[in-house]
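Student: Here is a sequence together with a model predicted from it:
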Amino acid sequence: MPISDSTTPATHTCERCGVRFRPSRNSSGRYCSRACGGRYPRHTISLVSRSCRHCGKPFQPSRTQLKRGTGFYCSIHCRSKDKRQAQPRRNIPEYRIWKAMRTRCSNPRQPCWKNYGGRGITVSPEWDSFERFYADMGPRPSPMHSIDRRDNNGPYCAANCGWATRSEQEKNKRKPI
């Protein structure tokens, strides 16, 4: 007597890895295991290969990296280099000068705000990005130089600013009333 189709366990092919399997009663029948229903199949997880986002070298991320959705860099060195390039040069002195310039002109809680933002000194909208500020001003000639406004009542902008030493800035003070 032939076995009917209703009692024969049906086999399916996993949509992710191509393995033939028998689905359980609770499964959708599309994937071969619970791990395969996630991001990567359990038995093919070690075969996943990626290219490093920083150097382009092919590598195999670990199982933990794949489960977490990380694993885009071949090493910790490439990851840290890529993150440093993505940030706007926060470790150079020009960045700290740019940040302090913007803060003293826009934050009333700063002690020196009354001498800058309180007097109407503003930062040019072109200098809202550090990259534009750095392109206009360039690197400091020496650690002794800081930003100087030629017209003390004018805004911080490319036409009104330059790098100057403390002695050069002493000559460019506003006169007391």
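Tutor: Yes, it's here. Residues are numbered from 1 along each chain as shown.

Student: In this protein, mark out all the strands, start to finish.
Tutor: Assigned strands in the chain, in chain order: 12-13, 20-21, 50-51, 58-59, 146-149, 161-164 (criterion: DSSP state E).

Student: Make JSON lines from the ones you listed and add mean pLDDT and mean neighbour count to it.
Tutor: For glycine as for every other residue, the C-beta is placed from the backbone atoms N, C-alpha and C. Output for those, formatted as JSON lines (pLDDT from 0 to 100; neighbours: other CB atoms under 10 Å):
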{"stretch": "strand 12-13", "mean pLDDT": "66", "mean neighbour count": "14"}
{"stretch": "strand 20-21", "mean pLDDT": "64", "mean neighbour count": "12"}
{"stretch": "strand 50-51", "mean pLDDT": "76", "mean neighbour count": "14"}
{"stretch": "strand 58-59", "mean pLDDT": "78", "mean neighbour count": "12"}
{"stretch": "strand 146-149", "mean pLDDT": "93", "mean neighbour count": "17"}
{"stretch": "strand 161-164", "mean pLDDT": "94", "mean neighbour count": "18"}
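
Student: Please tabulate those in JSON lines, including the columns distance to residue 121.
Tutor: Listed next are the strands of the chain as JSON lines, based on distance: least, CB to CB, whole Å:
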{"stretch": "strand 12-13", "distance to residue 121": "70"}
{"stretch": "strand 20-21", "distance to residue 121": "71"}
{"stretch": "strand 50-51", "distance to residue 121": "49"}
{"stretch": "strand 58-59", "distance to residue 121": "51"}
{"stretch": "strand 146-149", "distance to residue 121": "8"}
{"stretch": "strand 161-164", "distance to residue 121": "11"}
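
Student: Spell out which residues sit in contact with residue 126, please.
Tutor: Listed by CB atoms under 8 Å, 6 or more residues apart in numbering, the contact set of residue 126 reads 132, 136, 157, 158.

Student: ok, and the closest non-adjacent residue to the third one?
Tutor: Spatial nearest neighbour of residue 157, excluding adjacent residues (CB to CB, 6 or more residues apart in numbering): residue 124 at 3.7 Å.
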